[in-house]
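In: generate coordinates for the sequence data below:
(3 chains)
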Amino acid sequence: MRTIRHRLAGAALATAVLVGGGAWAQSLLFWSTQANPVEEAQAMRDQVLAGFDGDVDYQSSDPGPFLTRIQAELKAGKGTIAVVGTLHGDFAAMPDDFVDLGGLGLAADAVLPPLLEVGQLGTGEQKYVPWMQATYLMAASKQALEYLPEGADLNALTYDQLIEWARTMAEATGGPKFGFPAGPEGLKHRFFQGYLLPAYTGSMVTEFRSDAAAEAWGKFKELWQYTSPASPSYNFMQEPLLTGDVWLAFDHTARLAEAFNQRPDDFVAFPAPAGPAGRAFMPVIAGMGVLRTAPDPAASIKLINYMLQPDTQIATLRATNFYPVMELELPEDMPASVRASGPAISAMTGAPDALPALLPVGLGDLGGQFNQIYIDTFERVILANQDIRQVLDSQAEELRRIIDEARAPCWAPDAPSEGPCPVN
Amino acid sequence: MPRAMPYLLLLPATLFLAVFFLYPFVLVAIEAASRDGAWTGENFQRMATHWKFVPALRNTIVLAAVVVPIQLALALAMASIVSASETGRSTILYIFAIPLGISDLAAGLIWLAIFEQSGFLNSALAGFGVIERPILFLGYQNPLMIFLAIVLAEVWRATAIMMVILVAGLGLIPKEYSEAAQVFGASRWQRFVKVTLPLLRPSLQTALILRVILAFEVFAVVVALGGTNFPVLMGETFEWQFTLQDRGVAAAYAMVILAISIAFTLLILRLLHVPKEART
Amino acid sequence: MTEAVADAAARGYVETRRAGRRVFYAIVVLLCVWVLLPIYLLLVNALSAPAEVTAFPQRFWPSFDLGSISFFVNFQGVLRALWNSVQVAALTMILSIGLGAPAGYALSRFDFRGKEAFRFLVVMTRAFPLPLLALPLAVMFIRVGLDDTIVGLALVHTTLALPFAVLITFSLFSGIPVELEEAAWTLGCTRVSAFRKVVLPLALPGIAASAVFAFVISWNEVFAAAVLTIENRTLTAFLLQSLNVSPLPLKFAGGAALVVPALLFIFAVRKYLFAMWGIANR
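Out: Residues are numbered from 1 along each chain as shown, chains lettered A, B, ... in the order given. This next block holds a predicted model:
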């Protein structure tokens, strides 16, 4: 008994020491959803942030804890987060909770003006400043190239050729070899919003239920026959590419990077295919913002300015496979993934039929539900095998409800609109 | 003093749970029943009319209905083995208890490594020459296989907790009862069914209730093995809370999880009623 | 004649017993393999080179490539996170037993109004998804200054572990005959000293086992840890929450880095797991 009492007293003492010890947080907290894979987070700390004059605590979390923490700080009215680093969509969901960075000594002159404008979220205030950017590409293992349809140019592929390619490969090897990131954390919705649908309809929202959209879904259904059935559990295509389960895939550049870095000679990167309306593609923009509850906005700005220096931007590219948000000459010794995807990105954005699709603007916290429209359409048409026409009609109603509720005007590639973007 | 005694003993735990559970719980419950500050059933209506609600509810309940009985049988077997073995008892108990220390995330990881297309199961089958090229076990056209994999992983991961509770319960049953039954010529099986099981009822009840409640919150293993192919209630709660950012609907889902847990707990309490005189 | 029959019967009995033993051992071995094999496979992957982890067919024995594991060992702040995890888990253990065991004792020894209701409500606290409770709790902690402290997180983990502690100690105390206590009273013990001298020694191993639960629950909890700790991250929040988006080899190495300490902990307290059984052997 004496020993137990002794231990309890010890525990109480330890408790007191711990409570007292919790208050020395002096470093700047960089709260992020990006560079979440452990080795990227580590590279952010060691290679990117180590050069900052001051102590930075870089913490990257899953969306759940990330959001909960931010909401808790906003609700409590005081916080420890100095800089929030996340994707455009998260900022767009709560523009009112971020301060205007414009008047606070922000040094963002080098940042590409169109990107900077996206960071205003249509408010006229600099709600976030672009931090880094990426896009989606195709990747194939060298053995897949043997089955490339005759006459097809890797840098000017069409969706029909892609289907043909996937079919030939499936038939020749005895199993589907095309892979698609349709897992729970996969970025499938971006493919439909920014690639497949605009390529056929020239639109992301307005032509959602058009005949051209139905054709696009029909094509995807065709492609799905030659798509690995494990796709609904793929989040990152680099792994099935490396294991050889998949020979040909579509994904975010950062989620293909490991394949190029581990076996640079075995894989090639190339632009997304084109449809009748053009070669649609979508950028990914990650930004940095300061919450209205940030402890010391001036210090936060200092950190943001550091992140926008050319050297830091290049270090960030090495660490995360996200590209700089400014015009920069890249050094020769970049990782294999950058050397592979860089030319493919240029070929895609510079193609004669290039059709850039922008990230959704003005949806506020309905952004998640907007994405869900495309995911639900996919799951119903492809996985549940429901009738395309009926699904498009019912999902279009849901889409209109969201756009109307948010009163969001059209964004590219849809033509600008007065009032909410129409869903025909 | 004696009459106040039990309440005094309960007081610390009660106060603690009031502050750290009841208070946040009430806030979430209010969120479930209101929207923009007004009372409404809209959250529940939205939840119930969403096309994934019914599959998620069905999957969660079916999974629990399959997993828990298997675990109960296995846990009883393991607990009996532990109490019946003469040599190496502590080693066996330690080995059986190992999954206790493994989080659901890690368990999902382990079983994914087994069932993946280039995983251990396919490697073993290929090694024995059973198959020529790897089979895709977890494909979306193969819901039964996904279900089976989830069941295996859950049984592996969460049987230990029942086993440990039952071992403790078995240890408390005086040996004399069983010995008396043996004198009257009862077989091993008869002694187990007629003597041990009834006396084990309090522990069985505890083990079952805890296990069932946790089974309704199954999530990480399901996501690891089934991806989006196997929606469950907890997964939908996460989806609405964080991806769709609609806390009202997420709270409504949480209330549903709570409601079915209450329903099943009451059922277990009734089925395994421990009579008062047997409680001492 | 009768002697021979009896002899044969006896021999038959011994043989069936022996066969029974053999079946018994076979089952024990089978169950041990069932539990251990998946862990072994995890360790194989954790101790193999990245190229081997993604290769097919996979090897069934490790090549002892320590690349992936050493990544975690050299991870900046990993030791501190480990220490935080241990502190939170230990505090959770103390709190949940300190609060839970009295309640379990009250439930097993007294008849009072609201007893069943209390038992029921305590269990039901486990039936509600923690991630939703995390937001109001985090707001509360930030306001009162418990945010980002070991104690704050331990308090949350205690809400998770308390129902287990109450229920397990309840069935434990229920299994100790009240007559023993009553005998002690008649011998001049007070309620308190009877509890201390008679009940506690019997229950202590079981209490230790439920403390192990509390420890493991806290050790493995990710969500609250990720929200409520920043500077003082626990190992789980530090490693595990980003594992599902990390490359395959690191996933396994990180998984092993979390599993192994938990296994060592259970191994260290296995005596108590065993001692639970020992009560019946008294």
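In: give me the most central residue, chain A.
Out: A:Val284 (4.9 Å; C-alpha atoms, centre = their mean).
In: C:Leu37 versus that residue, what's the distance?
Out: As judged by C-beta to C-beta, to the nearest Å, A:Val284 and C:Leu37 stand 41 Å apart. In short, each C-beta sits where N, CA and C put it, glycine included.
In: can whichever helix or strand B:Ala263 is part of be said to contact chain A?
Out: For B:Ala263, the host element (DSSP states H and E) is helix B:247-271. No: using C-beta under 8 Å from any C-beta of the partner chain, helix B:247-271 stays clear of chain A, coming no nearer than 8.8 Å.
In: burial of C:Phe170, as a residue count?
Out: Using other C-beta atoms under 10 Å in any protein chain shown, C:Phe170 is surrounded by 23 other residues.
In: what do you get for C:Arg143?
Out: 14.
In: that one contacts A:Ala76, doesn't it?
Out: Yes: assessed by C-beta atoms under 8 Å, C:Arg143 is found in contact with A:Ala76 at 5.2 Å.
In: for the helix or strand in which C:Ala138 is found, the averaged confidence score.
Out: Here C:Ala138, judged by DSSP H and E, is contained in helix C:130-144. Across helix C:130-144, the average pLDDT comes to 92.
In: what does that helix contact?
Out: A:64-65, A:68-69, A:71-73, A:75-76, A:78-79, B:20-21, B:23-25, B:27-28, B:237-238, B:241, B:247, B:250-251, B:254, C:146-147, C:152, C:156, C:160, C:221, C:223-224, C:227-228 (C-beta atoms under 8 Å, 6 or more residues apart in numbering or on different chains).
In: after it, next one along is what?
Out: Helix C:130-144 is succeeded, C-terminally, by helix C:150-174 (DSSP H and E).
In: find the residue closest to residue 251 in space, skipping its chain neighbours.
Out: Picking chain A for this. Once flanking residues are discounted, A:Asp251 sits nearest to A:Met237: 4.0 Å by C-beta to C-beta, 6 or more residues apart in numbering or on different chains.
In: not quite, I wanted chain C
Out: Nearest to C:Lys251 is C:Leu243, by C-beta to C-beta, 6+ apart, at 5.2 Å.
In: what sits against that neighbour?
Out: So C:Leu243 contacts A:Val38, B:Leu105, B:Leu109, C:Leu250, C:Lys251, C:Gly254, C:Gly255 (C-beta under 8 Å, 6+ apart).
In: what's the distance between it and C:Ala237?
Out: 11 Å.
In: give me the below-cutoff pLDDT ranges for chain C.
Out: Chain C contains residues with pLDDT under 70 at C:1-6, C:8-10, C:12-13, C:240-242, C:244, C:271-282.
In: ok so, going back, now, of the contacts of C:Leu243, which are buried?
Out: The neighbour count (16 or more other C-beta atoms under 10 Å in any protein chain shown) marks A:Val38, B:Leu105, B:Leu109, C:Leu250, C:Lys251, C:Gly254, C:Gly255 as buried among those.
In: so the first one touches C:Pro249, yeah?
Out: So the one you mean is A:Val38. No: with contacts counted by C-beta under 8 Å, A:Val38 stays clear of C:Pro249, the gap being 11.0 Å.
In: tell me the angle of the helix holding C:Ala138 relative to helix B:247-271?
Out: 120 degrees (axes from the mean of the first three to the mean of the last three C-alpha atoms, to 10 degrees).
In: can you give me the buried ones in helix C:130-144?
Out: C:130-142.
In: quick check: of those residues, which lies closest to A:Ala216?
Out: For the buried residues of helix C:130-144, the closest approach to A:Ala216 (C-beta to C-beta) belongs to C:Pro131, at 36.5 Å.
In: pull up the residues of the stretch 51-200 of chain C that are close to chain A.
Out: So the stretch 51-200 of chain C meets chain A at C:51, C:54-56, C:71-72, C:75-76, C:87, C:90-91, C:94, C:98, C:131, C:134-135, C:138-139, C:142-143, C:145, C:147-151, C:196, C:200 (C-beta under 8 Å from any C-beta).
In: buried ones only from these, please, as a ChimeraX command.
Out: Of these, the buried ones go into a single ChimeraX selection, burial set by 16+ other C-beta under 10 Å:
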select /C:54,55,56,71,72,75,87,90,91,94,98,131,134,135,138,139,142,147,148,149,150,151,200
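In: for the stretch 101-250 of chain A, which residues are neighbours of chain C?
Out: A:Glu185, A:Asn235, A:Phe236, A:Gln238, A:Glu239, A:Leu242, A:Thr243, A:Gly244.
In: near chain B, which of the residues you listed show up?
Out: Among those, chain B is touched by A:Thr243, A:Gly244 when using C-beta under 8 Å from any C-beta.
In: most neighbours out of the residues of the stretch 101-250 of chain A next to chain C, which is it?
Out: Ranking these using other C-beta under 10 Å puts A:Gln238 first, with 29 neighbours.
In: and the strands in the stretch 201-350 of chain A?
Out: With strands called from DSSP state E, counting those that start in this stretch, the stretch 201-350 of chain A shows them at A:248-252, A:267-270, A:279-281, A:283-289.
In: JSON lines please, covering these and showing mean pLDDT.
Out: JSON lines is the format used below for the strands of the stretch 201-350 of chain A (pLDDT from 0 to 100):
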{"stretch": "strand A:248-252", "mean pLDDT": "95"}
{"stretch": "strand A:267-270", "mean pLDDT": "96"}
{"stretch": "strand A:279-281", "mean pLDDT": "95"}
{"stretch": "strand A:283-289", "mean pLDDT": "93"}
